[in-house]
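S.K.: Pasted the sequence and its predicted model underneath.
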Amino acid sequence: MNSQNKSKKIFILYALLVGGFLLFLAVMLINTLKARDLPSLYTKNTSKATRGSIISADGFHIATTVKLYKAIVNTHYIDSKKADLFVKLFSIYSEIPPLEIEKKLRQKGVVVLSYNIPQKQAQYLKQLSYELRRLKVFIERKNPITGKTSLHALNIIESGESREYSYGNLLTPIIGYPHKAEDDGYTYIKGVKGLEKRFENELQAKQDELSQGLRDVNSYIIFNKNSFTKQEINGLDVKLNIPVSLQIRVEKMLDVMQEDLRAKEIMLAVMNSTNGEILAMASSNRFLPKEIKTSDYPSLNSSMIEYSFEPGSVIKTITFSLLLDKGLVNPYDMVNGHNGRFVIGNKTITDEHRFDWLSAENTIVHSSNVGIAQLAQKLSGGEFNQGLIDFGFSKPSTPDLVYERVGSIPSATQLNSEIYKATCSYGYGIRVNLMQLIRAYSAYSNNGKMVTPKIVHSFIDNYKRELLIPNEEQVQVIKSTTAQRMKDILIKTVNEGTGTKAKTEGLEVGGKTGTAHIVEDGKYVNEYNTAFVGFANDEKSKYTIGVIVIKPKKSQFAAQTAVPVFKKIIDLLVEESYLKPNIIEQPSTPEASLN
């Protein structure tokens, strides 16, 4: 019996040993066959491409993109023995006080140490992250849920971008403004108005940077034939024809004149008459693109193309050009001024200054409504309508801006009416914008050829290569002989007529004034727009210049409002050496020195 029990115990013990050994083998086999959660042998770096800049003709960055970064760390992966080292180094690189960092690190898990890290500082912090890995400040941890081993160091992440305007409200509203948009958690910029909108496709980023490959022990990418790199391609820079140095002075002058004239707004443009390049384009009503307030809403539109108005007497020049070009009038023909009052149909046309008789060209020089209304009757409705179209009215003026209000002109049928023909001849019943006037007037200094206003000069790519934008084809709207005669008449207008305050010694200056009632809610009100459009030339340079003053309180006459602004623009062009007066100094004499 005892031997039987003893044998039984030995068998049970043997069975347990065998079972334990088999269990050990099974566990070893499972561990051998099971995939091991090793840290990845590969790593990658990414960097977002940025929106292109808007650059002035003299090389200043008016609008640029700045990347936004945030610093993130997982506190579980910081070696407790080296936490102080992390705090000290991060504080030095980020300029965040150590106590503030320590307070944030008391949180467990993922912690955002800073949301607003400048781009240059972010680069330093990325280098710090690599150094902290090398110093083994971060340690690998095993996820208790997944069982995977991983290491999370300091991460500097691109969270978005911000548009910066170094010169505040300079060149607004022409430059426009952007809105922020989100794409997979990344904040990017999209143009809404002005140049920012018009050249959205050119400005926007093209391709993000990506580098990936095997990593070394410090998680650096090992660059070899097996690694992969995709270079970032930023958006194109847009270079303007407008220099900051002149634009700043022009805008300051407009601010002063707006206050002096007590005007709602003053706008102007200066264009090279031979190639269409815009040298200055400004409004007295501007805004800060990053701080737009409700009160700024009326200023968001580019008034130079988005404000259409009845131009008044500046259209007389166009009317007379058509008559002269078709041989329907001779500048020396005499016109009855009817002592300032002339009746056509049921409408009485009046002049501010009364004339008995005056020459045809003097209807322009002295701005006679009565005179031009009679001369315009020589044009058929079709000739007048087509002439206005040929001069670019009712059509977009420039390809460089969007949302242009092209205005309107009377139809050929309407212009067959004597009254329509008369009122349109001196700028009523037709709506235009400033840039259309600038384009039309360019023909007088360019042998009868009209040029297209050109704000943007070129694009610049990642390799600093300049991609020039070709000029639009020039349009011959009147004969060169007609243009020269009109030019002489406009110079006479400045020397003897309504534009005398624009006269500048040593320069060829010509232009035409215009004053027109403003229409509100379909009715004319007792407020006015005034205008002066013309040119200023020296021996080498030719500029077409236009000024519009909206609702001046100081005076309703262009000679007292728009012309002085025009003169100040000429003075600035001289001071900045864009125009050089040809002034011959008379030799001094003993008699002269005594006077």
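M.R.: Looks like it came in fine. Numbering: from 1, shown residues only.
S.K.: ok, for residue 304, nearest residue in space, not its chain neighbours?
M.R.: Here the nearest residue to residue 304 in space, its sequence neighbours aside, is residue 434; by C-beta to C-beta, 6 or more residues apart in numbering that works out to 4.7 Å. For glycine as for every other residue, the C-beta is placed from the backbone atoms N, C-alpha and C.
S.K.: With residue 97 instead?
M.R.: residue 91 (6.6 Å).
S.K.: Next one: the residue most central in space within the chain from residue 284, what distance?
M.R.: With distances taken as C-alpha atoms, centre = their mean, the residue of the chain nearest its centroid is residue 175 (2.1 Å). Here residue 175 is placed at a distance of 16 Å from residue 284 (C-beta to C-beta, to the nearest Å).
S.K.: Kindly report the same for residue 309.
M.R.: 16 Å.
S.K.: same question, residue 142
M.R.: 67 Å.
S.K.: Same check on residue 400?
M.R.: Taking C-beta to C-beta, one finds residue 400 at 21 Å from residue 284.
S.K.: So residue 316: helix, strand or coil?
M.R.: helix (DSSP: H, G, I helix; E, B strand; the rest coil).
S.K.: what's it in contact with, if anything?
M.R.: When contacts are counted by C-beta atoms under 8 Å, 6 or more residues apart in numbering, residue 316 touches 363-364, 367, 372, 425-427, 512.
S.K.: Check residue 332 too.
M.R.: Residues near residue 332 by C-beta under 8 Å, 6+ apart: 359-361.
S.K.: mind redoing it with 6 Å?
M.R.: residue 359 (C-beta atoms under 6 Å, 6 or more residues apart in numbering).
S.K.: so what's it scoring on pLDDT?
M.R.: At residue 332, the pLDDT value in this model is 95.
S.K.: Assign it to helix, strand or coil.
M.R.: Assignment for residue 332 (three-state DSSP): coil.
S.K.: tell me the phi and psi of it?
M.R.: phi -100, psi 0 (degrees, to the nearest 10).
S.K.: again with residue 388
M.R.: Torsion angles, degrees, to the nearest 10, at residue 388: phi -60, psi -40.
S.K.: for residue 560, same thing?
M.R.: Torsion angles, degrees, to the nearest 10, at residue 560: phi -100, psi -10.
S.K.: Just give the number of residues close to it.
M.R.: 17 (other C-beta atoms under 10 Å).
S.K.: ok, for it, nearest residue in space, not its chain neighbours?
M.R.: Of all residues not flanking residue 560 in the chain, residue 554 sits nearest, at 6.9 Å (C-beta to C-beta, 6+ apart).
S.K.: Could you double-check that that neighbour sits in contact with residue 262?
M.R.: Yes - Residue 554 is in contact with residue 262 according to C-beta atoms under 6 Å; the separation is 5.4 Å.
S.K.: who does the helix or strand encompassing residue 487 touch, helix- and strand-wise?
M.R.: Using DSSP states H and E, the element containing residue 487 is helix 480-496. If contacts are counted by 3 or more C-beta pairs under 6 Å, 6 or more residues apart in numbering; DSSP states H and E, helix 480-496 sits against helix 316-325, helix 362-365, strand 508-520.
S.K.: Can you lay out those as a markdown table showing distance to residue 384?
M.R.: A markdown table is the format used below for these (distance: least, C-beta to C-beta, whole Å):
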| stretch | distance to residue 384 |
| --- | --- |
| helix 316-325 | 7 |
| helix 362-365 | 16 |
| strand 508-520 | 18 |
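S.K.: Can I get these in CSV including mean pLDDT and distance to residue 240?
M.R.: CSV is the format used below for these (pLDDT from 0 to 100; distance: least, C-beta to C-beta, whole Å):
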stretch, mean pLDDT, distance to residue 240
helix 316-325, 98, 29
helix 362-365, 96, 34
strand 508-520, 93, 25
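S.K.: Compare those and give me the one nearest residue 118.
M.R.: The closest of those to residue 118 is strand 508-520. By C-beta to C-beta, the value is 48.6 Å.
S.K.: List of residues touching that closest one?
M.R.: By C-beta under 6 Å, 6+ apart, the list of residues contacting strand 508-520 reads 310-314, 317, 427, 490-491, 493-494, 498-499, 502, 524-525, 527-537, 558-559.
S.K.: So for it, what gets flagged as buried?
M.R.: 508-518 (16 or more other C-beta atoms under 10 Å).
S.K.: chain center to that strand: distance?
M.R.: 28 Å (C-alpha atoms, centre = their mean, to the nearest Å).
S.K.: Return the list of strands paired to it, each annotated with direction.
M.R.: Applying DSSP bridges to the sheet, strand 508-520 is found paired with strand 523-537 (antiparallel).
S.K.: Output the partner strand as CSV - backbone C-alpha positions only.
M.R.: Extracted in CSV, the C-alpha atoms of strand 523-537 (Å, rounded to 0.1, in the frame of the first residue of the first chain):
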residue,chain,number,x,y,z
LYS,A,523,-31.8,111.9,-58.0
TYR,A,524,-29.2,114.6,-58.4
VAL,A,525,-28.2,116.0,-55.0
ASN,A,526,-26.5,119.3,-54.1
GLU,A,527,-23.0,117.6,-53.8
TYR,A,528,-20.3,117.2,-56.4
ASN,A,529,-17.3,115.2,-57.6
THR,A,530,-14.5,117.1,-59.1
ALA,A,531,-11.8,115.8,-61.4
PHE,A,532,-8.6,116.8,-63.2
VAL,A,533,-7.1,114.4,-65.7
GLY,A,534,-4.1,115.2,-67.8
PHE,A,535,-0.3,114.7,-68.2
ALA,A,536,3.1,116.0,-67.1
ASN,A,537,6.1,115.4,-69.4
